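Enquirer: Take this sequence and fold it.
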Amino acid sequence: MINVVQKKSVMNPIPFNLPVVIGNEMKYIQEAINNHKLSGDGPFTKKCSELFEKRYGFHKGFLTTSCTDALEMCALLCDLEQGDEVIMPSYTFVSTANPFVMRGAKLVFCDSTDMNPNIDADAIEALITPRTKAIVVVYYAGIACDMDNIIAIARKHNLLLVEDAAQGIDSYYKGKPLGSLGHFSAFSFHETKNIISGEGGMTVVNDEKYKERAEIIREKGTNRSRFFRGEIDKYGWVDVGSSFLPSELIAAYLLAQLESIDIIQKKRIAIWEAYHARLQSLQHRLKLPVIPEYATNNAHMYYIGCESLTQRTELTAYLKQNNINAVFHYLSLHKSAFYAPKYDGGELPNSDMWTDTLLRLPMYYDLTIDQVNFICDKIEAFFNV
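Expert: Residues are numbered from 1 along each chain as shown. Sure thing, here's the model as predicted:
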């Protein structure tokens, strides 16, 4: 019944996103209820973590209530002191930045490339100072950054490397899964992502020496997990931390999605490719997504780059008039109301360009090829093609 309702609702208007229901979500949620174990780190949480670790070779995956929480864990693991500097792209969601600001760090914003919104690897090294503690990369649209270059810079300057892989599930860099390349990484299972749990996230720790502390941070700064494993006879408060554990209901939904990730990905890639084939007629008017040779495409989103802010505003309104909900994305953080007074860096022209011109088209599992063609028809009509 749920799937039937969803499919009827996507026909007109066409929403930007619809959460995917793949089949076993309600079954697993009912099992979680029947287990009489709804709080964190029950059997469904453990199954999800084990599947992620097995499929992608992550050293240790810790499910969290959101990707924001996962990034907060990463920031805590970086052990930042007041005034330490963290380099990250300006073109990203505020959740990338907030965890590091909350630890007292100074944000050093780096520009994007003109090819895609990812961080410009060639611009990072010039931003490093004696106070630099970490580099944070963001995989916009699930596309890898120039990681060989970035990893080399991090090693040269003895910096921690954090991957904001919120959009990067099931995507790769030169055959290596995104999220496995840095010291820490963070994933999102928000309802707009490829596999979902409504809200939800995961911190991945790839360096053994940080694993135990990550476990403590996630459990409110206590060593309670060791107590539950019978390794100590009592537990106590041993570090800073917070309550980052998701409920078993969240993990149960996520497990159903994770078990069907190949089915989900096959459908999303077909939708992405349909968009890309149809919009080739406009490649002289629009920036279409570019997948570098070193990266794979996980079909997290399909975006276009318009010629100007005015054009994007007019196209968005035109699509809305035709019952198509397309959305613009991030505003450069270095120009945000909160951080602009604190920003003392230079101009970031590519970040500002993507801020003004990028438009995300509807993208979700139940989107049909007929709907993709309808959307592309309207975009072509806007440009009189």
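
Enquirer: all strands for this structure, in order.
Expert: Secondary structure of the chain (DSSP state E): strands located at 60-64, 85-89, 106-110, 132-138, 160-164, 172-173, 176-177, 184-188, 201-205, 303-305, 327-328, 358-360.

Enquirer: looking at those strands, which is closest to Ala381?
Expert: strand 303-305 (14.8 Å; Cβ to Cβ). To be clear about C-beta, it is placed using only N, CA and C from the backbone, and glycine gets the same treatment.

Enquirer: What is the neighbour count of Pro289?
Expert: Neighbours of Pro289 under the rule other Cβ atoms under 10 Å: 19.

Enquirer: what's it in contact with, if anything?
Expert: For Pro289, the contacting residues are 116, 141, 143, 276, 297, 302-303, by Cβ atoms under 8 Å, 6 or more residues apart in numbering.

Enquirer: again, but for Tyr173
Expert: 144-145, 147, 181, 294-295.

Enquirer: Next, format those residues as TSV and append pLDDT, neighbour count and distance to Asn35.
Expert: Formatted as TSV, the contacts of Tyr173 follow (pLDDT from 0 to 100; neighbours: other Cβ atoms under 10 Å; distance: Cβ to Cβ, whole Å):
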residue	pLDDT	neighbour count	distance to Asn35
Ala144	98	25	38
Cys145	98	26	41
Met147	98	22	40
Leu181	98	22	35
Tyr294	98	16	43
Ala295	98	23	40
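
Enquirer: Among those residues, which lie within helices?
Expert: Met147 (DSSP state H).

Enquirer: Nearest approach to Gly42 belongs to which of the strands of the chain?
Expert: Nearest to Gly42, of the strands of the chain and by Cβ to Cβ, is strand 60-64 at 10.6 Å.

Enquirer: list the helices and strands the closest one packs on?
Expert: helix 43-56, helix 67-77, strand 201-205, helix 211-218, helix 248-259 (3 or more Cβ pairs under 8 Å, 6 or more residues apart in numbering; DSSP states H and E).

Enquirer: Dump these into JSON lines; add mean pLDDT, mean neighbour count and distance to Ser112 as well.
Expert: Below are the helices and strands packed on strand 60-64 laid out as JSON lines (pLDDT from 0 to 100; neighbours: other Cβ atoms under 10 Å; distance: least, Cβ to Cβ, whole Å):
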{"stretch": "helix 43-56", "mean pLDDT": "97", "mean neighbour count": "17", "distance to Ser112": "26"}
{"stretch": "helix 67-77", "mean pLDDT": "98", "mean neighbour count": "26", "distance to Ser112": "19"}
{"stretch": "strand 201-205", "mean pLDDT": "98", "mean neighbour count": "27", "distance to Ser112": "24"}
{"stretch": "helix 211-218", "mean pLDDT": "96", "mean neighbour count": "20", "distance to Ser112": "30"}
{"stretch": "helix 248-259", "mean pLDDT": "98", "mean neighbour count": "24", "distance to Ser112": "30"}
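
Enquirer: could I get those as CSV with distance to Ile33?
Expert: Below are the helices and strands packed on strand 60-64 laid out as CSV (distance: least, Cβ to Cβ, whole Å):
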stretch, distance to Ile33
helix 43-56, 11
helix 67-77, 24
strand 201-205, 23
helix 211-218, 24
helix 248-259, 8
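
Enquirer: how about Ile232, what does it touch?
Expert: 223, 226.

Enquirer: my read: Ser308 touches Met353, true?
Expert: No: in terms of Cβ atoms under 8 Å, Ser308 does not count as a neighbour of Met353; the distance is 9.7 Å.

Enquirer: Looking at those two, which is more packed in?
Expert: Comparing Ser308 with Met353 by other Cβ under 10 Å, the one with more neighbours is Met353, at 20 against 11.
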